[in-house]
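K.L.:
Build me a model:
(chains A and B)
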Protein chains: 2
Amino acid sequence: MKGMVRHHQTDYRWEGVDVHPYKEEGTHFRNVTRQTLWKGEGNLPVEFRYFEVGAGGHSTLERHDHQHAVMVIRGGGEVLVGDTVSPIGMFDMVHIPPMTWHQFRATGEVPLGFLCVVSAERDRPQRPDDAQVAEFVQAAAEFVRR
Amino acid sequence: MKGMVRHHQTDYRWEGVDVHPYKEEGTHFRNVTRQTLWKGEGNLPVEFRYFEVGAGGHSTLERHDHQHAVMVIRGGGEVLVGDTVSPIGMFDMVHIPPMTWHQFRATGEVPLGFLCVVSAERDRPQRPDDAQVAEFVQAAAEFVRR
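P.N.:
Below is the predicted model of the structure:
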């Protein structure tokens, strides 16, 4: 294994790293790109990815067994983790535990860019079915006070 | 496991996170602080640490079996990885492979702050003995062209 320095260029692009669509298919997200900065192996089998959600965009609402450890490195927005929506901004850290519904949203007028560390071996995301969406809406309705 | 958002406050300090000396003892580093932002478990057993090397400071020259995956998030400086010294700046990524000598230096007039991801289970660092330092100096002498 050889050491590596991967230089940031400008505007959240890195040398030798391609910018990809967030996912190859689906309509359950909006305005998101993905860059894989590093794929680890051996005793650090994790990947470093940079996701950028354009202003007004959002990632898929999903859950999976694998965890995310995230640090915001551009702009800000909001994140849903379980049943809690939190504002997030520069250098905030977010942990998404196993099987926890989550979604990142660039709710302001700036993009939301974040580093997302995951295990190299991981399960596929699940999306909520109609019943689960209804549960969400119900929980939200019960939460609201007016 | 409950989800978590750990907000950055100002000036590279995070809510609920203490600032520690880099190491509890030793004189082989200068002007370095350490903050542990997150300790993972389960299927993502890694830690997120933030190290900050003050202007003119440096981390220990050391090696170990565990790897580092690093992203610079403040200022810049230089990093030695194996026999290569590279300038590093904002959002650059650095990978330190197993058993590779490395040292971070804040060579400019600004601090060098970086996120460092490591396995939660890891071996203790080794420092070079006099013979290894001599090898370094010899390699450097051979490398120089004038």
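
K.L.:
Can you find which strand in chain A contains the most residues?
P.N.:
In chain A, taking DSSP state E as the definition, the longest strand is strand A:46-58.

K.L.:
is whichever helix or strand comes after that strand up against chain B anywhere?
P.N.:
Using DSSP states H and E, the helix or strand that follows strand A:46-58 towards the C-terminus is strand A:68-75. Yes: interface with chain B: strand A:68-75 contributes A:His68, A:Ala69, A:Met71, A:Ile73 (CB under 8 Å from any CB of the partner chain). For glycine as for every other residue, the C-beta is placed from the backbone atoms N, C-alpha and C.

K.L.:
for strand A:68-75, packing partners?
P.N.:
strand A:93-96, strand A:112-119, strand B:46-58, strand B:68-75 (3 or more CB pairs under 8 Å, 6 or more residues apart in numbering or on different chains; DSSP states H and E).

K.L.:
Turn these into a markdown table, including mean pLDDT.
P.N.:
Below are the helices and strands packed on strand A:68-75 laid out as a markdown table (pLDDT from 0 to 100):
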| stretch | mean pLDDT |
| --- | --- |
| strand A:93-96 | 98 |
| strand A:112-119 | 98 |
| strand B:46-58 | 96 |
| strand B:68-75 | 98 |
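
K.L.:
Rebuild those as CSV, extending it with distance to B:Lys23 and mean neighbour count.
P.N.:
Shown next, in CSV, are those (distance: least, CB to CB, whole Å; neighbours: other CB atoms under 10 Å in any protein chain shown):
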stretch, distance to B:Lys23, mean neighbour count
strand A:93-96, 23, 24
strand A:112-119, 24, 23
strand B:46-58, 11, 19
strand B:68-75, 15, 22
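
K.L.:
what's the burial count for the nearest residue to A:Val81 once chain neighbours are set aside?
P.N.:
Excluding its sequence neighbours, the residue lying closest to A:Val81 (CB to CB, 6 or more residues apart in numbering or on different chains) is B:Gly3, at 3.5 Å. Residues lying near B:Gly3 (other CB atoms under 10 Å in any protein chain shown) number 20.
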